[in-house]
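>>> What follows is a predicted structure for the sequence shown.
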Amino acid sequence: MQLSSTLLPALFGLGTGLSLIVAIGAQNAYLLKIGVVAARRVMLPIVLFCALSDAVLIAAGTAGVGAVVQRAPEVLVVARVVGAIFLVGYGLMAARRALKRGGEAMTDSADSAAGGSEKGVRFGSAIAAVAVFTWLNPHAYLDTIVFLGSLANQQAPDARWWWVGGAVAGSFIWFFSLGFGARLLRPLFARPVAWRVLDGLIAVVMIAFGLRLALAG
């Protein structure tokens, strides 16, 4: 097998996958927030969950599940409604934290960032949140299963899964970079005002995406 039939499709898949995932979204905003305060042993399974979820969705789309999703719009409707409720609710909680002056939650977050502890990060709730951001977001299905799956199937048969490997590698690179790179921002988030700004941005992102889901279709 020639190098051009393996490396080039893999690089194309990597670039396409990164172009979709490297964007401001609910999942990325949440990972940034918890990445600042979470210990490595807590963050590792979280970023693995996100990357492996992407891998499953991309592989499913390549295997032909995209056609099934398009023929079962009621599945996307349920995901859209539940996802919209969750995103708006989480956004409102973030807005409340941002507007709360001198609040205990903000102070605790700043202390956690300064000391590098796990304080305030519950593994179970974090996994549950990223699961909702991933699996109850119709756009995740459309981007990975439908769009990336269709692009993968446009490749030559002997290059298709190399393309998928590149796209999956892009997900792993991004989620690990975001999850563990957020630790570099700990000095900044030692100040409560930084948490106020971040929670304000998260509130805007979550509510905007929630309303977008609610009004879609």
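Right, received. Where do you want to start?
>>> Please state the offset of the lengthiest helix in the chain from the chain centre?
Ranked by residue count and defined by DSSP state H, the top helix of the chain is helix 73-99. Remark: helix 73-99 is offset 14 Å from the chain centroid, using Cα atoms, centre = their mean, to the nearest Å.
>>> Over to stretch 123-137?
Counting by Cα atoms, centre = their mean, stretch 123-137 is centred 9 Å from the centre of its parent chain.
>>> for stretch 41-61, same thing?
Relative to the centre of its chain, stretch 41-61 is centred 9 Å away, using Cα atoms, centre = their mean.
>>> before we move on, what about stretch 22-30?
How far stretch 22-30 lies from its chain's middle: 5 Å, per Cα atoms, centre = their mean.
>>> How far does that stretch stretch from one end to the other?
14 Å (Cα to Cα, to the nearest Å).
>>> Show me which positions of that stretch end up buried.
Buried positions in stretch 22-30, judged by neighbour count with 16 or more other Cβ atoms under 10 Å: Gly25, Ala26, Gln27, Asn28, Ala29, Tyr30. Placement of C-beta: from N, CA and C, glycine included.
>>> can you give me the mean pLDDT across it?
Averaged across stretch 22-30, pLDDT comes to 82.
>>> returning to what we had before: list the buried ones in the longest helix of the chain?
For helix 73-99, burial by neighbour count (16+ other Cβ under 10 Å) applies to 76, 79-80, 83-84, 86-88, 90-91, 94-95, 97-98.
>>> and that helix, average pLDDT?
On average, the pLDDT along helix 73-99 is 83.
>>> hmm, back to that, which two of the buried residues of stretch 22-30 have the greatest separation?
Greatest spatial distance among these (Cβ to Cβ): Gly25 and Tyr30, at 9.1 Å.
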